[in-house]
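J.: Mind folding the following:
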Amino acid sequence: MHLELVVPALFPAQESAGKPVPVRPPALELLLARSRRSDVPTANFETWLCRAFGLHDGAAGNSYVPAGALTAYAHGLEPGERNWLRADPVHLRPDRDRVLLMPSQAFGLDSKEAQGLAEALAPLLAGKFALHAVQPDQWCLQAGDDDLRDISSTPPIDLAGADIDPHLPPREWLPLLTELQMSLYDHPVNTSREQRGEPVINSVWLWGAGVLPPGAHGPWQSLSAADPVAIGLARLAGMRHRPPGTGAEDWLGRAPEDGRHLVAIEGLRGAGLSADPEAFARRLRELEANWFAPLLAALRSGRIGMLTIHAPEAAASFEAARNDLHRFWRRPRALATYIQAPA
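T.: Residues are numbered from 1 along each chain as shown. As a prediction, the model looks like this:
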């Protein structure tokens, strides 16, 4: 079996700021050290998925990330030939001369709150758009036939705490956004949240515009993921898909003996949303125990013939077969070194 993991945010941003992660995961470090590294174009998680499934803009040849249409498709809607985009609920906070974004994953939003807010926005969108709150933190906007490629492909979780100005949609969208923000301002859901001391939902973040592609393809027999863009791509490719489960032992217990399979591990993504400096380290320890250590054991025993770890933001993939583990001269090293120089 050839098992591939795609692990967004594997190498944390704080490394580049001179703040090393306060944990050394031995199994992960050994796997990276003994692997063969391949350099690939840098990407966020959604862009990597779309590239991997063969989605390209026919005119420009660039990666195409129709996250809205794929999310709708993953949740059982029929996108048809219309444009869709994600319009995820967010909290925007002014900070001197910039505006910072907090995605809903940072503060939580239940389904009743999401539906109440979405229903309040519907009259402002009627006639041109239709809003679907398919999950509390995943809203899809059904649009028309206009070319929406100027909309950012950056999801809000990747902009947490960042200045949103470079990622704003074209100017023609700003009047509509202003209307939506005004409608959200004094909504009873936000009044209640404010009274509880919770961040209010004062805007939506537009990203991932496009139509559902006619098809997708990938080299895997199955995909294990929770992300709706991944699930939408698997459905489009006619590929078996399921949740990743609780860890590698759970996954291997249900997996076939051979074939090529992709698992999306998102446990590290958004770790920086917490004010707790140990958040990334805590999640990394969990992934070490639940995934990397069991997979290292499975590679040693021959249960897995080859293991590949994809790190999209680091523009790298690491591939190891069982015999590669004998390369003892390749010593494990800290994760930060994989950002600074190739292996």
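J.: domain ranges for this structure?
T.: 2-55+214-340, 67-210 (automatic domain parsing).
J.: can you give me the offset of the longest one from its chain's centre?
T.: For domain 2-55+214-340, the distance between its averaged C-alpha position and the chain's averaged C-alpha position is 13 Å (C-alpha atoms, centre = their mean, to the nearest Å).
J.: ok so, going back, tabulate the domains of the chain in TSV, adding columns for mean pLDDT.
T.: Shown next, in TSV, are those (pLDDT from 0 to 100):
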stretch	mean pLDDT
domain 2-55+214-340	89
domain 67-210	91
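J.: Same list (those) but as TSV, adding mean neighbour count.
T.: Every residue, glycine included, has its C-beta placed from N, CA and C. Listed next are the domains of the chain as TSV, based on neighbours: other C-beta atoms under 10 Å:
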stretch	mean neighbour count
domain 2-55+214-340	18
domain 67-210	17
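J.: what about Asp324, distance to Asn290?
T.: Remark: distance between Asp324 and Asn290 (C-beta to C-beta, to the nearest Å) = 23 Å.
J.: tell me the contacts of the closest residue to Arg303 other than its chain neighbours?
T.: Using C-beta to C-beta, 6 or more residues apart in numbering and skipping residues adjacent in sequence, the residue nearest Arg303 is Leu252, 6.5 Å away. Applying C-beta atoms under 8 Å, 6 or more residues apart in numbering, we find Leu252 in contact with Pro294, Ala298, Arg303, Ile304.
J.: Show me what the helix or strand containing the second one is packed against.
T.: The reference is to Ala298. Per DSSP states H and E: Ala298 is located in helix 293-301. Judged by 3 or more C-beta pairs under 8 Å, 6 or more residues apart in numbering; DSSP states H and E, the packing partners of helix 293-301 are helix 26-34, helix 248-254, strand 306-311.
J.: so what strands line up beside the helix or strand following the second one?
T.: The first helix or strand that comes after helix 248-254 along the chain, using DSSP H and E, is strand 260-264. When pairs are called by DSSP bridges, strand 260-264 turns out to pair with strand 2-6 (parallel), strand 222-224 (parallel).
J.: Take those and write them to a markdown table, including distance to Arg260.
T.: Output for the strands paired with strand 260-264, formatted as a markdown table (distance: least, C-beta to C-beta, whole Å):
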| stretch | distance to Arg260 |
| --- | --- |
| strand 2-6 | 4 |
| strand 222-224 | 9 |
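J.: Give me the longest strand you can find in the protein.
T.: With secondary structure taken from DSSP state E, the chain has its longest strand at strand 84-95.
J.: starting at the chain centroid, how far to the helix or strand following that strand?
T.: Sequence order places strand 98-103 as the next helix or strand after strand 84-95, per DSSP H and E. Its chain's average C-alpha position is 18 Å from that of strand 98-103, according to C-alpha atoms, centre = their mean.
J.: just the angle between strand 98-103 and strand 84-95, please?
T.: If you take axes from the mean of the first three to the mean of the last three C-alpha atoms, to 10 degrees, strand 98-103 sits at 130 degrees to strand 84-95.
J.: list the helices and strands strand 98-103 packs on?
T.: Strand 98-103 sits against strand 84-95, with contacts defined as 3+ C-beta pairs under 8 Å, 6+ apart.
J.: May I have the strand it packs on exported as CSV, CA atoms only?
T.: The C-alpha trace of strand 84-95 is given here as CSV (Å, rounded to 0.1, in the frame of the first residue of the first chain):
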residue,chain,number,x,y,z
TRP,A,84,-20.9,29.6,-6.6
LEU,A,85,-18.5,31.0,-3.9
ARG,A,86,-18.0,30.6,-0.2
ALA,A,87,-19.4,33.4,2.0
ASP,A,88,-18.2,32.2,5.4
PRO,A,89,-19.2,34.1,8.6
VAL,A,90,-16.3,36.0,10.2
HIS,A,91,-15.6,38.6,12.8
LEU,A,92,-13.7,41.7,11.6
ARG,A,93,-11.9,43.9,14.2
PRO,A,94,-10.3,47.3,13.4
ASP,A,95,-6.7,47.6,14.6
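J.: just the CA coordinates of the strand or helix carrying Glu46, formatted as PDB?
T.: Here Glu46 sits within helix 45-52, counting by DSSP H and E. What follows is helix 45-52 as a C-alpha-only set of coordinates in PDB (Å, rounded to 0.1, in the frame of the first residue of the first chain):
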ATOM      1  CA  PHE A  45      -4.700  23.300   1.300                       C
ATOM      2  CA  GLU A  46      -7.500  23.900  -1.100                       C
ATOM      3  CA  THR A  47      -5.200  24.900  -4.000                       C
ATOM      4  CA  TRP A  48      -3.100  21.800  -3.400                       C
ATOM      5  CA  LEU A  49      -6.200  19.600  -3.500                       C
ATOM      6  CA  CYS A  50      -7.500  21.200  -6.700                       C
ATOM      7  CA  ARG A  51      -4.000  20.800  -8.400                       C
ATOM      8  CA  ALA A  52      -3.900  17.200  -7.200                       C
END
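J.: Perfect, I'm done here.
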